[in-house]
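Asker: predicted model and sequence follow; I will ask about them next.
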Amino acid sequence: MTMDSAATLATSELVTDAVGARGGFGLRAQQEKLFARLFNGLVYAQIWEDPVVDMQAMAIEPHHHILTIASGGCNALSYLVNGPAKITAVDLSPAHVALLRLKIAGVENLPNWDKFYSFFGSASERANVPDYFRFLSSKLDQTTRNYWEKRNILGTQRIQGFSKNIYRKGLLGHFIGAGHLAARIYGLNLKDFLDCQNMAEQRNYFDKNIEPLFSKRLVKRVTRSPLSLFGLGIPPSQYEALAGERSMGDVLKERLEKLTCGYPLSENYFAWQAFGRAYAPDASGPLPPYLQYENFATLRRNVSRLTVQQANMTHVLEQAGKASVDRVVLLDAQDWMSDAQLNALWSAITAAARPGARVIFRTAGEETILPGRVHDQILSHWNYLAPLSAELHAKDRSSIYGGFHVYEFKS
């Protein structure tokens, strides 16, 4: 067995365990196995959680140690703007680990913000590949370098994605592309939404163009299957939580309504990615904090405080030491978990938490999923900050989650 195949096997086992993929040959079991296999590759070139909301929830202080799931890395890098003492980013996917390590190398080694934005913001310039070999390749660890320089069957290296819009790659990029194609079938160019000049025009666009799509037979048929949302990184168990008692079409329509009508287009880079499959041209529109020009000097000064590893979050917490972590960011990973996994995770969080520590996470449904699933003797150490959770959920520009939740450790 080669090192690459051994690493792939190890990753597959980590993901299979995390999503609770069951054995057997039933439909649900096969769907879970397929999702675990797909998650071995790149899912998110851009994370789909709002880091500004995260930072408001965490109230980051200079002494804080933050432990976060890495995903596309936009969150961990953005948190550095607030100057915590340490950030540990973990992820099961080798692609996400390689992406964040590449971004860290970019912060440290690209000559200026213009080159950094060209590489990770525009992510479609021909000069990016030569810049990779000039400034970044030799600075990467061998595993990360191997990942980006690996060739596909046509001989194209993965790093070429940064000259061809990396935001169109990965499961999410392909999912968004499929949505654009489906809209085209019905005569709609979703990029036209980006021409809206105000909130009234955004509302009119949704009512006139997007809402009617959900009455189409093809859309109804596709959204009935859990497979349809694999591109959003949503496994079968989370599909069920997201749908609840309603049709998935109705849920997705509601979330898209918030994305299109809830915030000005001039402030919402998630909408740019959804409808334009890129950020606004020439950095002329909204951006995640780590890509903003005014934050680059701070990012470069603080980036050495961020470390990345491919690992299971529970295992990392178990090894963290007592009272060593101030903030834990779980994204939506708990929606995947069994009760046993949730209890193991929160037991580890409780052991590692300093007084006043906070945990933030998102859920497909509206309510927090912990009561009744995590043992009372564990949850008794935590306060659920319900008003703050509701306030910040309303501000979450990504709009695809049903709930945002903040728990605080009792001191």
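Answerer: Structure received. Since we're looking at a predicted model, the values are computed, not measured.
Asker: domain map for this protein?
Answerer: Following automatic domain parsing, one gets these domains for the chain: 3-38, 168-277.
Asker: least confident of the ones you listed, on average?
Answerer: Mean pLDDT is lowest for domain 3-38 out of these, coming in at a mean of 49.
Asker: what's the helix or strand for the closest residue to Leu136 other than its chain neighbours?
Answerer: Leaving aside its sequence neighbours, Leu136 sits nearest to Ala105 (C-beta to C-beta, 6 or more residues apart in numbering; 4.9 Å). Quick note: C-beta positions are derived from backbone N, CA and C, even for glycine. Ala105 belongs to helix 94-109 when assigned by DSSP states H and E.
Asker: helices or strands up against that helix?
Answerer: helix 3-19, helix 74-79, strand 86-91, helix 142-149, helix 296-302, strand 306-310 (3 or more C-beta pairs under 8 Å, 6 or more residues apart in numbering; DSSP states H and E).
Asker: in that helix, what's buried?
Answerer: The neighbour-count check on helix 94-109 (16 or more other C-beta atoms under 10 Å) flags 94-107, 109 as buried.
Asker: for those residues, which one is nearest Tyr117?
Answerer: Gly106 (9.9 Å; C-beta to C-beta).
Asker: does the closest one touch Gly121 like I think?
Answerer: No. Gly106 lies out of contact with Gly121 (C-beta atoms under 8 Å); the separation is 10.6 Å.
Asker: may I ask you to name the longest strand in this structure?
Answerer: strand 353-363 (DSSP state E).
Asker: the residue nearest to Leu136 and Asp141 touch, don't they?
Answerer: No. Using C-beta under 8 Å, Ala105 is not in contact with Asp141, being 9.4 Å away.
Asker: contacts for stretch 261-281 next, please.
Answerer: For stretch 261-281, contacts defined as C-beta atoms under 8 Å, 6 or more residues apart in numbering pick out 46, 48, 50, 121-124, 165, 167-168, 173, 176-177, 180, 190-191, 193-194, 196, 198-199, 202-203, 206, 259-260, 285-288, 291, 397-399.
Asker: just the CA atoms of that stretch, as PDB, please.
Answerer: Extracted C-alpha coordinates of stretch 261-281, given in PDB (Å, rounded to 0.1, in the frame of the first residue of the first chain):
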ATOM      1  CA  CYS A 261     -33.800  39.400   0.600                       C
ATOM      2  CA  GLY A 262     -32.400  39.500   4.100                       C
ATOM      3  CA  TYR A 263     -29.300  41.700   3.600                       C
ATOM      4  CA  PRO A 264     -28.100  44.200   1.100                       C
ATOM      5  CA  LEU A 265     -26.100  42.700  -1.800                       C
ATOM      6  CA  SER A 266     -23.400  45.200  -1.100                       C
ATOM      7  CA  GLU A 267     -22.800  43.600   2.300                       C
ATOM      8  CA  ASN A 268     -23.200  39.900   1.600                       C
ATOM      9  CA  TYR A 269     -20.400  38.100  -0.100                       C
ATOM     10  CA  PHE A 270     -22.300  34.800   0.400                       C
ATOM     11  CA  ALA A 271     -24.800  36.100  -2.100                       C
ATOM     12  CA  TRP A 272     -22.000  37.000  -4.500                       C
ATOM     13  CA  GLN A 273     -20.700  33.400  -4.300                       C
ATOM     14  CA  ALA A 274     -24.200  31.900  -4.700                       C
ATOM     15  CA  PHE A 275     -25.200  34.000  -7.700                       C
ATOM     16  CA  GLY A 276     -21.900  35.000  -9.300                       C
ATOM     17  CA  ARG A 277     -19.800  32.000  -8.300                       C
ATOM     18  CA  ALA A 278     -17.100  34.500  -7.300                       C
ATOM     19  CA  TYR A 279     -16.500  37.600  -5.300                       C
ATOM     20  CA  ALA A 280     -17.300  41.000  -6.800                       C
ATOM     21  CA  PRO A 281     -14.800  42.000  -9.500                       C
END
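Asker: show me which positions of that stretch end up buried.
Answerer: 261-263, 265, 268-280.
Asker: got the contact list for Ile166?
Answerer: Ile166 neighbours (C-beta under 8 Å, 6+ apart): Ala45, Ala123, Ser124, Gly173.
Asker: next one, pLDDT for the most centrally placed residue in the chain please.
Answerer: By C-alpha atoms, centre = their mean, the mean C-alpha position of the chain lies nearest to Ile47, the distance being 3.0 Å. On pLDDT, Ile47 comes in at 91.
Asker: which phi and psi does it have?
Answerer: phi -70, psi 150 (degrees, to the nearest 10).
Asker: now it: how far from Leu172?
Answerer: Counting by C-beta to C-beta, to the nearest Å, the gap from Ile47 to Leu172 is 10 Å.
Asker: now do Val374
Answerer: The gap separating Val374 from Leu172 is 29 Å, by C-beta to C-beta.
Asker: neighbours of Gln377, how many?
Answerer: If you count neighbours by other C-beta atoms under 10 Å, Gln377 ends up with 9.
Asker: buried sites along the helix or strand hosting it?
Answerer: Using DSSP H and E, Gln377 falls within helix 376-379. Buried residues in helix 376-379, counted by 16+ other C-beta under 10 Å: Ile378, Leu379.
Asker: from the contact counts, what lies against it?
Answerer: Using 3+ C-beta pairs under 8 Å, 6+ apart, helix 376-379 is in contact with helix 339-352.
Asker: what is the neighbour count of Arg332?
Answerer: Quick fix: residue 332 is Asp, not Arg. Asp332 sits with 24 neighbouring residues when counted by other C-beta under 10 Å.
Asker: need the contact list for the residue nearest to it when sequence neighbours are not counted.
Answerer: Using C-beta to C-beta, 6+ apart and skipping residues adjacent in sequence, the residue nearest Asp332 is Arg362, 4.6 Å away. Each residue near Arg362 by C-beta under 8 Å, 6+ apart is listed here: Glu49, Leu331, Asp332, Asp396, Tyr401, Gly403, Phe404, His405.
Asker: was I right about the second one contacting Tyr44?
Answerer: No. Taking C-beta under 8 Å as the contact criterion, Leu331 and Tyr44 are not neighbours in contact, 9.9 Å apart.
Asker: overlap of the contact sets of those two?
Answerer: Taking C-beta under 8 Å, 6+ apart as the contact rule, Leu331 and Tyr44 both touch Ser71.
Asker: many thanks, we can stop here.
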